[in-house]
Each structure stands twice: as C-alpha cells, then as structure tokens.
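K.L.:
let me see the structure of the following:
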Amino acid sequence: MFFQQTNDLQFIKETYQSAIAVASVERSARTSSRPKRGRLQNYLVIWADGNIDEAQDDCKKTLANLRNVIHEVNICTTPSQCIDLLNKMDNEKAFVISSGAIGQHLVSDIHDMPQLDVIYIFCGNKARHEQWAKDWPKIEGVYTSITPICESLKKVAHRCDHDFVSMSFIPKTTIEESTSSQQSQDEMSPSYMYSMLFKEIILEIDEDDTKSIKNLLFYCRHHDVPESELINFQKEYSRKTPVEWYSCNMFLFGMINRALWSLDMETMTKTGFFIRNLHRQLEQLNRQQACTFEQKFMVYRGQGFTKQEFGCLTKVKGGLLAFNNFLSTSKEKNVATGFVEDKLGKDKQLIGVLFNMAIDLKKISIKDTPFALITEYSAFPEEQEILFSMHTVFRVGEIKQSKQNNRLWEVELTLSDDKDPQLAGLTKTLKEEIQGATGWQRMGKLMLKMSDLDQAEELYNELLKNASTNEDIEHIYHQIGELKVHQGRYRDAVKSFEKCLEIRQKTHPYDNSSLALSCIYNNIGLAYNSLADHSQALEYYNKSHKIKEESLPDNDPQIAISCGNIGAVYIELGDYSKALECFEKTLQIQVQTCPKNHPDIACTYGWLATVYEHTHCYSQALSCHEKALAIFQKSLPSTHPNIDSCKSKISYLKQKM
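P.N.:
Have a look, this model is predicted:
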C-alpha cells in the first residue's frame, strides 16, 4: 500500500506537538487548519475622502468602477483611519486615492511607508493641488475623474503582480561540506520545497476542466472577485489560451502569484487545473519555437528589493536562485531597466536589481524548464516577454553596482536545471518524499504535511465518494485517520484506522507480516495513546514494532519511529528511563539516515526535552527544544503550529529556570 513507509513519519511529528504543548493540540482541534487568507490579490485600494457617502449614486458608481479593477476597496473619511489601515497591512501593497483636502495633510505622514505603492489625488480643482503634489514621487497624478485613475490602476496592479514573486536562495555548497544533496535540501526554503511538491503532483493529475472551472468560480465569488470577470472567464475560457488568460488584466495572474508566494494551498488547488494547462502550453510553444531561439541568448528582469531581500541575494553568489512562480522576463534590456528605474524613482527605500539571465540551450533540458516567447498572446506585446514555467532555477554569478545609479545592481544569472549536480540531488530527494501514491491522494499528503487540514478533509471526503477499488478505499481511510490525528479527533482516528484494518484483513487474509499492516497497527496505537488508553497503545505499537524488526535493518528509519512511539507510551506510564532509551535509539538512527535539518529529528529532540523536563533536568530540556526550533524554522512553513508550540515551551522553561 502507498502508506507503508511515508505516513508513519507524520505521526511522530503530531505526537511531539501534543507532548510539548497541550495547548497547541487544543488549538489545532478548534481551528483545524492554518489561518485562512482572505485576499486573492496582492494589493488593495484605500479611498480617503471626508465627503464619501455610500448611499449616493455617484459614490456607488465610483466604488463599482474601482472594484472592477481592484477587488478590495476600503473607505476612510479621516487621515487617521487611513494611517491605521496602512499600519495593519502585512505583505500587500496599498494604492491610496485621496481627496485634495485630506491629501494635503495625509501624504506627508504616509509617503515613506513601504506598504504604500502609489497615491492618486482625486479632487475638483486639479490646478490647485498639482502645485504641492509634484513634490511627492509616489503621487501618480491629480485627477478630476475616476476613469483615468482606474486605467492607471490596471498598469500599477500589473507592476505589483510582476514584483510579487516568491524566490528561494540556496547558498553554494562545496564537496568538503557535503558529499550528498542533503545539505542542499536543508538550505532550501520551505516555499520552494512545498510548491515544488505541489507542481510535481498537479502536473500528473488529469481531470475535467469543466468541474474545475465551476469550483474556481464558486471560490472566487466568496472572495469578492467582480462578477463580470467571472462571467467572462466562464464563457470565454475555451476560446482563449492559458497564456492569454494569465497575461491579461484579470484576477488569475495576481491570484496565482500570491497563492504560490504565501503557500495558500486552497487557492493553489482551486487554480491547479489552470497552472497545469499554462505549463503544458509553455511546453507546446517551446517545441514550436525551438528553431527560432539562438543556442545562447539573454533575457532580463528588473525588480525592486528591500535591503533585507538584497542582503539574502548577495549571500547566495555562486549558489542557486529559484523562482517559485511563473517567471516573466523580457528580451529587451531597456524594458527591464525601465521597470526597475520606475520603482526606484517612487520608493527611495528600495534597491534596484537588474537580472541579466543567460540561457544556454546545450546545458539545460527544456522538458524541465519550459519557456516561450508570448508576444502574440500577451496583453503587453511591447514587453517582448519570455515566460518561464514554475521553479526556474538559476546559478548566481557576479553582482555588480551600476555605474550610472548607485541604487541599481546588475546580477548575472545562468539558467540551470536538474542536471546541475547541486540541484539534481535536491530534486531527487523531493521526489522520493512523495513517491508511492498518485494524483489527488498525493495532494492530500502534501496538505497534511503543510498542516492545511480543512483542505485535506474536503479532498479526502471527495475521494472517498469516488473510490472504486478496495485498495483505494483502504488507503483513503488510512489518510483520513491521519487527518483526524492532526485535528486532535482521536476517537474518529481510531475508527478510520480500524476501518482501514478491516478492509485489509478481508482483502489480504493471510498477510500477518507486511509493512503496510505494521503501519496500520502503529497508527491505531498512536490514536489510542492520544486517548490515554496506554495499554491498547502499547499493544498495537509492539505489534507494529515486531513486524519491522523482522523485516527491516536495525538502522531503518521505520525502526526509529517505532522506538519513538513506544517511548511516548513509557512517558505516559512514568517510566522515564525506558522512554529515554527509546528516544536515544530513535535519534541515533535519524542522525544516520536523515538530512541534518529534517523535521523528524526536531520532533525527537522535543521528545527528549519532555523526558528531561519530567526528570527535572531543565537545562537539557531547554537545549533540546532550542535544537528542535532551529530545525523547524528551516524545514516547515512559518505558519506551522509546531513552531509556535516550540517557542511557547522554550519561553516556559526559561521562566521556570
């Protein structure tokens, strides 16, 4: 069965979470998932005017026009309301439309806020307000009509979507530092790893676009996407190519970029069919255009960086830079230069970066890195855009300051693929992590891995309805059991695992020693342990461990998991010496077999910390938790509950000491 090896690994993580911080399990049971993200775009509009009256027809018309371009429009009638709203923003950009009267006082207070992108002055006396407005670079213009503001907003929004790209930095490793790819995986950000797994899965799924479009439209209507855009998308989808839809001024471009940047699995899944179709069209276009590309050529991309982001870039010289989104570049250097210079002119805090990207067709596999010239499909043909699919990876070369502008840096990049020795091992490791199951079942595993539990539950319920074989039903019940454990619903988990066991015993009546059976026993034991039924837990754990000892080498990772789970029961029974022995055995195996920053090692440190805390060895407990936190922060999304749990326990121990 598909779950015979990999899913066991999840449970030691969940058990660690419950052991080090009971409060976190209670929270998980209440919320069932990571926080929901309310926005589908990377930006919003703030309309600040003391005379706004939403009951008036003119105001209604203005709001309707704005929301046809930017979905979220916030109304403020005082400068302080606008400032408060800007201060509450996180990673989005704000476009402020201010009356002349408010603007004269507001602009000086907000102009240098990094979250503010542009300001429009919307007034009745253009000549009067142009005098003072010219002194502020972020003021896009002074207008007496909303129509030109909306036209400008389309271009500004496109520029923001262009900049809203998720990047991962992989520092250079040497042969002396690492003889395998494990260090590379440790250095890689979770954004790359999880979006890479998502791409691997979504490209192998074959489904009916009609149903997927219906699901996407339903989702978008609950996130205030303009109805006119959705109706147009539904009617015209089959008449336009994915590249045309992606590049036009509609919701998809920003929605996909934001989802991949924030690892919003709900949005990523809802747009998965489109991501797959866009990738396939780029492959098709590349085949058609292959003879038109020179063997070696250059493309360019201009982008604004914060000081912190630029610092990360400079540290990765000689290493790899991965773009986790679809990547927009231009054949024309002046297009990229103009883009970044425009950013620098409006925001004095940004550092401009011009990427000079060298493409050598002899050194890459187009299958792994599809790209195409999309001029004839693009809404912006003058940009001479070459669009790359997700996860384009470059080797970082020279980083030089421009002689013409000391705030502009040129960075030399060379396109890489999985033939690159450093990247090859990483890609192989990532693929191994999701091998076994296929399609949507693998997607469910990824959702659990990312702690996106609501989405996993919705998916598994749908899969169970459509399952046609006993093997599929058995696997889905097992995954549902895993989901219930993550949710803290342990009685439901027992029921699901026992249903899985029942199906297996009927379909494999003479199987008493397979690793699949061992995995089911293990997970039933875990659920019973979480219910404080320790005798039942120990019984099932021992059944599982016996099969593994008879079937696997002494240092196999599955042996480590069994030892850890049995150790957890001994903690509950108060036998701390046996518990310590079990977890030391677990750690010994994991250090030999796992990458140094694998989350399983962090979980084991958490268990050891729990044992030390029970035996009043607080300094050892603190040390273990700190080691666990360091690993979690490198290997899990920043929103993962294990990180908060670990921080809480460290704080608690420091106070206790």
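K.L.:
quick one: the helices in the stretch 251-400 of the chain?
P.N.:
251-262, 265-270, 272-289, 307-315, 333-346 (DSSP state H, counting those that start in this stretch).
K.L.:
name the element Glu244 belongs to?
P.N.:
Here Glu244 sits within helix 242-247, counting by DSSP states H and E.
K.L.:
in that helix, which residues are buried?
P.N.:
242-247 (16 or more other C-beta atoms under 10 Å). Just so you know, the C-beta spots here come from the backbone N, C-alpha and C atoms, and that holds for glycine as well.
K.L.:
stretch 491-509 too?
P.N.:
For stretch 491-509, by 16+ other C-beta under 10 Å, it's 492-497, 499-501, 503-504.
K.L.:
number of residues surrounding Asp368?
P.N.:
Counted by other C-beta atoms under 10 Å, the residues lying close to Asp368 total 16.
K.L.:
which phi and psi does it have?
P.N.:
Dihedral angles of Asp368 (phi, psi; degrees, to the nearest 10) stand at phi -90, psi -20.
K.L.:
where does the chain have low pLDDT?
P.N.:
Applying pLDDT under 70 to the chain flags the ranges 1-39, 173-190, 418-438.
K.L.:
can you give me the domain boundaries for it?
P.N.:
Domains of the chain are assigned by automatic domain parsing as 8-34+451-656, 43-163, 167-430.
K.L.:
how about these, which one is nearest Met443?
P.N.:
Closest of these to Met443 is domain 167-430, at 5.1 Å (criterion: C-beta to C-beta).
K.L.:
which of the domains of the chain is buried the deepest?
P.N.:
Of these, the one with the most neighbours on average (mean count of other C-beta atoms under 10 Å) is domain 8-34+451-656, at a mean of 20.
K.L.:
quick one on the thing from earlier: any chance of the helices of the stretch 251-400 of the chain in a markdown table with distance to Ile75 as columns?
P.N.:
Output for those, formatted as a markdown table (distance: least, C-beta to C-beta, whole Å):
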| stretch | distance to Ile75 |
| --- | --- |
| helix 251-262 | 22 |
| helix 265-270 | 26 |
| helix 272-289 | 32 |
| helix 307-315 | 32 |
| helix 333-346 | 24 |
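K.L.:
which members of the buried residues of helix 242-247 are the farthest-apart pair?
P.N.:
Farthest pair in the buried residues of helix 242-247, by C-beta to C-beta: Pro242 and Ser247, 9.6 Å.
K.L.:
residue ranges for the strands of the protein, please.
P.N.:
Ranges of strands within the chain are 43-48, 73-76, 93-98, 116-122, 139-143, 167-170, 296-305, 320-323, 327-330, 351-360, 371-373, 385-388, 392-401, 408-416, based on DSSP state E.
K.L.:
quick one, the fourth one and strand 43-48 angle?
P.N.:
Using axes from the mean of the first three to the mean of the last three C-alpha atoms, to 10 degrees, one finds that strand 116-122 and strand 43-48 are set 40 degrees apart in direction.
K.L.:
these two touch, right, Thr392 and Leu320?
P.N.:
No. Contact criterion C-beta atoms under 8 Å: Thr392 and Leu320 do not qualify, at 10.8 Å.
K.L.:
re the thing from before, may I see the domains of the chain arranged in a markdown table, with distance to Lys445 as well?
P.N.:
Shown next, in a markdown table, are the domains of the chain (distance: least, C-beta to C-beta, whole Å):
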| stretch | distance to Lys445 |
| --- | --- |
| domain 8-34+451-656 | 7 |
| domain 43-163 | 28 |
| domain 167-430 | 9 |
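K.L.:
who wins for proximity to Gln441 among those?
P.N.:
Closest among the domains of the chain, using C-beta to C-beta: domain 8-34+451-656, at 6.4 Å.
K.L.:
off-centre distance for that closest one?
P.N.:
The chain centroid and the centroid of domain 8-34+451-656 are separated by 23 Å, computed with C-alpha atoms, centre = their mean, to the nearest Å.
K.L.:
and what of stretch 406-419?
P.N.:
The answer for stretch 406-419 is 23 Å, by C-alpha atoms, centre = their mean.
K.L.:
name the residues that touch it?
P.N.:
Outside stretch 406-419, the residues that touch it by C-beta atoms under 8 Å, 6 or more residues apart in numbering are 310, 313, 320-321, 340-341, 344, 350-360, 363-365, 368-369, 392-402, 423-424, 427.
K.L.:
now stretch 393-404
P.N.:
If you take C-beta under 8 Å, 6+ apart as the criterion, stretch 393-404 is touched by 313-314, 316-323, 354-355, 357, 369, 408-417, 420, 423.
K.L.:
before we move on, back to that, which one of the strands of the chain lies nearest to Ile520?
P.N.:
Using C-beta to C-beta, the strands of the chain put strand 167-170 closest to Ile520, at 36.3 Å.
K.L.:
can you tell me how far the residue at minimal distance from the centre of the chain is from Asp161?
P.N.:
Geometric centre of the chain, nearest residue: Leu263, 2.1 Å, by C-alpha atoms, centre = their mean. Taking C-beta to C-beta, to the nearest Å as the measure, Leu263 falls 17 Å from Asp161.
K.L.:
do Thr77 as well
P.N.:
30 Å.
K.L.:
now Thr329
P.N.:
Distance, Thr329 to Asp161, using C-beta to C-beta: 15 Å.
K.L.:
Leu230 contacts Tyr219, doesn't it?
P.N.:
No. Counting by C-beta under 8 Å, Leu230 stays clear of Tyr219, with 10.2 Å between them.
K.L.:
which residue is the nearest non-sequential neighbour of Tyr43?
P.N.:
Counting by C-beta to C-beta, 6 or more residues apart in numbering, Tyr43 lies nearest to Lys93, which is 4.3 Å off, once chain neighbours are set aside.
K.L.:
now do the same contact list for the one you found.
P.N.:
Applying C-beta under 8 Å, 6+ apart, the residues near Lys93 are 42-44, 115-117, 160.
K.L.:
now Ile170: how far from Val316?
P.N.:
From Ile170 to Val316 the distance is 7 Å (C-beta to C-beta).
K.L.:
ditto for Arg489
P.N.:
Distance, Arg489 to Val316, by C-beta to C-beta: 43 Å.
K.L.:
repeat that for Lys634.
P.N.:
Look at Lys634 and Val316: by C-beta to C-beta, they are 15 Å apart.
K.L.:
what about Ile366? Give its phi and psi, please.
P.N.:
According to degrees, to the nearest 10, Ile366 has phi -60, psi -30.
K.L.:
excluding chain neighbours, what is closest to it?
P.N.:
Asn286 is the one closest to Ile366 (C-beta to C-beta, 6+ apart), at 5.5 Å.
K.L.:
ok, Lys627 next?
P.N.:
That would be Tyr605: by C-beta to C-beta, 6+ apart, it lies 4.7 Å from Lys627.
K.L.:
that neighbour contacts Cys624, correct?
P.N.:
Yes. Contact criterion C-beta under 8 Å: Tyr605 and Cys624 qualify, at 4.4 Å.
K.L.:
returning to what we had before: can you list the buried residues of helix 242-247 in TSV and add distance to Met447?
P.N.:
Formatted as TSV, the buried residues of helix 242-247 follow (distance: C-beta to C-beta, whole Å):
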residue	distance to Met447
Pro242	24
Val243	28
Glu244	31
Trp245	26
Tyr246	25
Ser247	29
